[in-house]
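[1] Turn this into a model:
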Amino acid sequence: MKRREFIALLASSAAWSRVARAQQPAPVIGLLTAIDMADWAANGVRDGLGEAGYAEGRNLTIVTRSAEGHFDRLPALAADLVNSKVAVILASSSPVPARAAKAATSSIPIVFAYGGDPVADGLVERLNRPEGNVTGATFIGAALIAKRMELLQQIVPNAKDVALLVNPNGTLAERQAGEAREAAGKLGEHLHVIPTTNGAELDAAFVTMSQSKLDAFVVSTDPFFGFFARDRVAALSRRYKIPGIYNGGDEVAAGGLISYGPNKADTWRQAAIYVGRILKGEKPADLPVMQPAKFETVINLKTARELGLAIPPTLLGLADQVIE
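    Alright, predicted model coming up:
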């Protein structure tokens, strides 16, 4: 074959290869959630997929299945995604969607995004090497309770009786209560652990705090407080004039006083990057569970004024974001 004919053949083969790639259907990922995702979480997913080279409607299709708060629907929704033969399942908002997906398939890769302990929740064997078909990103928050209590004491320096709002059904509940008791002892405070699992119990918790004249409260890390009851906790705090500290900036944007914790949107971004890497051929078992490396302080001055509190200038100077 002459050199000119060989070059022409190579060019033709490359062109056909490009056409073949263009004709391949876009991969489909399934988004499985307990509730509809907040805008910040959806933006995190979009940004992470973009960093991985994917965009919905261009080279990726996303099908969403939300239980809309009805957890009993999750197994059927997970089975539906498996039957649809999606390439990856992104399970969001709590460990329950990820567990439902894991029960439905051992072959389709599953990537989770939530705040909790994936090992204790039965999702992975180890954080550094998950094994199986499941990995993801988490903003584990148990080790942050002591820091939050220290920050809260700067705002309410005379606080002696402090409540910890905790969901007893969560896998982090016992760890966070233990850390909070230890921190309270060092700060000279008396800790009141108040279990709440639903809206009615949350309302009752604030009645109890008000009647007992508790000085402040700490919100533990749990999907119930971070997603389902986020607005309600902030509203009750303002109604009863009891200051509290939260896990993330979205809770402060909803009317909470102050938060200290990881950027939750970044957790969803990291999970979405893993989805992209898996679509390109990597295995979940080879992707360590991502954990937060940066923590932010967010303060809501409007809420502080409503509660009759003055934020110390030193604390304002350290804040990553101040909501006026």
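[2] Count the neighbours of Ala103 for me.
    12 (other C-beta atoms under 10 Å). Using the backbone N, CA and C atoms, a C-beta is placed for each residue, glycine as well.
[3] just checking, it is part of a strand?
    No - with the criterion set as DSSP: H, G, I helix; E, B strand; the rest coil, the secondary structure at Ala103 is helix rather than a strand.
[4] Excluding chain neighbours, give the residue nearest to it in space.
    Pro75 (6.7 Å; C-beta to C-beta, 6 or more residues apart in numbering).
[5] and if you look at Lys283?
    Nearest non-adjacent residue to Lys283 (C-beta to C-beta, 6+ apart): Pro109, at 7.7 Å.
[6] Which positions in stretch 103-114 come out as buried?
    If you call a residue buried by 16 or more other C-beta atoms under 10 Å, then stretch 103-114 has these buried ones: Ala104, Thr105, Ile108, Pro109, Ile110, Val111, Phe112, Ala113, Tyr114.
[7] cool, and stretch 166-176?
    Applying 16+ other C-beta under 10 Å to stretch 166-176 flags Val166, Asn167, Gly170, Thr171, Leu172, Ala173, Arg175, Gln176 as buried.
[8] can you list the residues that contact that stretch?
    Identification of contacts with stretch 166-176 by C-beta atoms under 8 Å, 6 or more residues apart in numbering yields 95, 116-117, 120-121, 140-142, 145, 164, 177, 193-197, 220-225.
[9] hmm, which of the residues you listed are the buried ones?
    95, 116-117, 121, 140-142, 145, 164, 177, 193-194, 196, 220-225.
[10] now, which of the buried residues of stretch 103-114 lie within helices?
    Ala104 (DSSP state H).
[11] can you put the buried residues of stretch 103-114 in CSV and add pLDDT?
    Formatted as CSV, these follow (pLDDT from 0 to 100):
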residue, pLDDT
Ala104, 97
Thr105, 97
Ile108, 98
Pro109, 98
Ile110, 98
Val111, 98
Phe112, 97
Ala113, 95
Tyr114, 90
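[12] any chance of the buried residues of stretch 103-114 in TSV, with distance to Gly188 too?
    As requested, the buried residues of stretch 103-114 are exported to TSV (distance: C-beta to C-beta, whole Å):
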residue	distance to Gly188
Ala104	50
Thr105	51
Ile108	52
Pro109	49
Ile110	45
Val111	43
Phe112	39
Ala113	38
Tyr114	34
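[13] between the buried residues of stretch 103-114, which is closest to Ala52?
    Distances from Ala52 to those, taken as C-beta to C-beta, are shortest for Val111 (11.5 Å).
[14] Show me what the closest one is bridged to.
    Beta bridges link Val111 to Leu90, Thr135 when assigned by DSSP bridges.
[15] ok, now which ones touch it?
    Contacts of Val111 by C-beta under 8 Å, 6+ apart are 88-91, 134-137, 271-272, 274-275, 278, 284.
[16] and with 10 Å instead?
    For Val111, the contact set (C-beta atoms under 10 Å, 6 or more residues apart in numbering) comprises 29, 88-92, 98, 101, 133-137, 270-278, 284, 287, 290.
[17] Among these, which lie within strands?
    Ile29, Val88, Ile89, Leu90, Ala91, Ser92, Val134, Thr135, Gly136, Ala137 (DSSP state E).
[18] any idea of the pLDDT on the last one?
    If I follow you right, that is Ala137. You'll see Ala137 listed with a pLDDT of 96.
[19] So Val175 belongs to a helix, correct?
    Wrong residue type there; residue 175 is Arg, not Val. Yes - checked against three-state DSSP, Arg175 lies within a helix.
[20] looking at it, Ser92 is touching Ala100, isn't it?
    No - counting by C-beta atoms under 10 Å, Ser92 stays clear of Ala100, with 11.9 Å between them.
[21] residues shared between the contacts of those two?
    Joint contacts of Ser92 and Ala100 (C-beta under 10 Å, 6+ apart) are Leu32, Ala34.
[22] between these two, which one's more packed in?
    More crowded of Ser92 and Ala100, by other C-beta under 10 Å: Ser92, with 29 against 24.
[23] Which residue, other than its chain neighbours, is closest to Arg65?
    Leu77 (4.0 Å).
[24] Would you check how far apart that neighbour and Glu282 are?
    26 Å (C-beta to C-beta, to the nearest Å).
[25] who has more neighbours, these two?
    Between Leu77 and Glu282, Leu77 has the larger neighbour count (other C-beta under 10 Å), namely 22 against 14.
[26] Quickly find the element holding the more buried one.
    helix 74-83 (DSSP states H and E).
[27] now that helix against strand 88-92, angle please.
    Here the directions of helix 74-83 and strand 88-92 differ by 160 degrees (axes from the mean of the first three to the mean of the last three C-alpha atoms, to 10 degrees).
[28] roughly how far is helix 74-83 from the heart of the chain?
    Counting by C-alpha atoms, centre = their mean, to the nearest Å, helix 74-83 is centred 22 Å from the centre of its parent chain.
[29] Please name every helix or strand in contact with it.
    strand 28-33, strand 61-66, strand 88-92, helix 95-104 (3 or more C-beta pairs under 10 Å, 6 or more residues apart in numbering; DSSP states H and E).
[30] No further questions, thank you.
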